[in-house]
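Colleague: Here is my input, please return the structure:
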Amino acid sequence: MPIQHDFQGRVALVTGAAQGIGREIVLQLLAGGARVHVADLNFEGLAPVREAGAVTYRLDVSDHTACQSTVQGIIDQEGRIDILINAAGGSLGKGKGTIEQVSEADWHAIFSANAHGAFLTSQAVAPHMKNAGYGRIVNIASNAGLRPALSGNLAYTSAKHALVGLTRQLAVEMGPFGVTVNAVAPGLVMSGPWAQKLWDGYGPAEQKQVLQSTHMRRLGMAADIAQAALFFAAEQSSWITGQVLSADGGRA
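Modeller: Below you'll find the model as predicted:
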């Protein structure tokens, strides 16, 4: 049973919520009473959260003008944005291989989705949170942002390291304004078809090795990561900032 935080009266923007972790975060924010706005390039995939009560937008987080316009539209409608959760990202099925094999196009695509997008959305909400003297920014990073990735994806690992750096540096800037900036770094989470494909690709021997190197002896679920993210978004974390929480079942 998820811990229920009280988000009554709060306005949240969540990116990348068409599936998996982002979708679960939205559903738990709604359950806590927040007014939730959700943006994803896959607008059709937002149907479940739209039906649950979220306001949905089609948004390419790598588009500066679109990010500014979306945030301003929320401000015009709600008068505030209290919480930003950057869950957009992923490997996009690109970027694997040796450094000689990774194309520049794939490199830029993965950075746009995972690091540049979080920069642009944070840039768009920052002045509003500073003026309000309150805010919570939560980035969904990855254990690949803290160490080499199990998948061996050079571009994805580099982009998530950049997201961790953004989190820590932005916390320094935003702290004096009452805004916290933190990140959750998931391990291997069964949060969608891509995760299942990655897991299946390991084969029985490597799957066993991964589970044996995880203290909890199980893979993560989207709800596990959502709970960590919502702690950072809640009132109870008001004196915690610049932190990156590994939510990985205790990977050895």
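Colleague: Give the closest residue to residue 83 in space, chain neighbours not counted.
Modeller: residue 12 (3.9 Å; Cβ to Cβ, 6 or more residues apart in numbering). No exception for glycine: its C-beta is placed from N, CA and C like everyone else's.
Colleague: same question, residue 162
Modeller: residue 115 (4.1 Å).
Colleague: distance of the one you found from residue 157?
Modeller: 12 Å (Cβ to Cβ, to the nearest Å).
Colleague: so the residue nearest to residue 162 makes contact with residue 167?
Modeller: No. The criterion here is Cβ atoms under 8 Å, and residue 115 misses it with residue 167 at 10.4 Å.
Colleague: ranges for the helices of the chain?
Modeller: 20-31, 47-52, 64-78, 104-111, 117-132, 154-174, 193-212, 222-233 (DSSP state H).
Colleague: List the buried residues for the third one?
Modeller: Applying a neighbour-count criterion of 16 or more other Cβ atoms under 10 Å, the buried positions in helix 64-78 are 66, 67, 70, 71, 74, 75, 78.
Colleague: Of these, which is the nearest to residue 5?
Modeller: Residue 5 lies nearest to residue 78 out of the buried residues of helix 64-78, by Cβ to Cβ, at 19.2 Å.
Colleague: if you compare the helices of the chain, which one is most tucked away?
Modeller: Mean neighbour count (mean count of other Cβ atoms under 10 Å) peaks for helix 20-31 among those, with a mean of 25.
Colleague: quick check: mean pLDDT across that helix?
Modeller: Per-region confidence: helix 20-31 scores 97 on mean pLDDT.
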